[in-house]
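K.L.:
what follows is a protein structure lacking sequence information:
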């Protein structure tokens, strides 16, 4: 990730992709199983569907519990905002109208397999990062850059883990 000088209000994004030697339907079964995501993340510790839901569908919600050395432990509620099996799975964190973040997986048939992309957008709603920015407003751009680099590395790691599980 290159320095952009982005501020939180700019809604910065991170994205990565990989190619997986399997059809989108097979990749989807893992991508859509949010309960397995903590096994592929350094930050996410657990995920539970809310209100009796067991799978993604627009409007369904899940609670994710995370841990980070600098931020401690926290839980967020995410709302599924896109779900087109086996093509797109996206969720907004906290308020779906003014989310603290939006995350999206996109699956495309490609070269006999699947091109899997993961994308995320920070903000525009306030998050735990907003507290750090409030305390050190002169360092906002650096704070945002460091966190976006962490998100990018996390995305790369998640995609590699999905690829390994599907192909392995």
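P.N.:
Ah, there it is. Please read these numbers as outputs of a predicted model, since none were measured by experiment. Residues are numbered from 1 along each chain as shown.
K.L.:
could you give the number of residues near residue 3?
P.N.:
Neighbour count of residue 3, defined by other C-beta atoms under 10 Å: 9. Heads up, the C-betas are built off the backbone N, CA and C, glycines and all.
K.L.:
what sits against the spatially closest residue to it that is not a sequence neighbour?
P.N.:
Among residues not flanking residue 3 along the chain, residue 145 sits closest, at 6.0 Å (C-beta to C-beta, 6 or more residues apart in numbering). By C-beta atoms under 8 Å, 6 or more residues apart in numbering, the residues touching residue 145 are 1, 3, 4, 5, 6.
K.L.:
mind doing that once more with 10 Å?
P.N.:
1, 2, 3, 4, 5, 6, 12, 139 (C-beta atoms under 10 Å, 6 or more residues apart in numbering).
K.L.:
show me where this structure has its helices.
P.N.:
In the chain, helices defined by DSSP state H lie at 24-31, 128-135, 140-167, listed in chain order.
K.L.:
can I get the contacts of residue 145 in a markdown table with pLDDT and distance to residue 20?
P.N.:
As requested, these are arranged in a markdown table below (pLDDT from 0 to 100; distance: C-beta to C-beta, whole Å):
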| residue | pLDDT | distance to residue 20 |
| --- | --- | --- |
| 1 | 71 | 23 |
| 2 | 78 | 26 |
| 3 | 82 | 31 |
| 4 | 83 | 29 |
| 5 | 90 | 34 |
| 6 | 93 | 30 |
| 12 | 97 | 27 |
| 139 | 95 | 38 |
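K.L.:
tell me which two of those sit farthest apart.
P.N.:
2 and 139 (18.6 Å; C-beta to C-beta).
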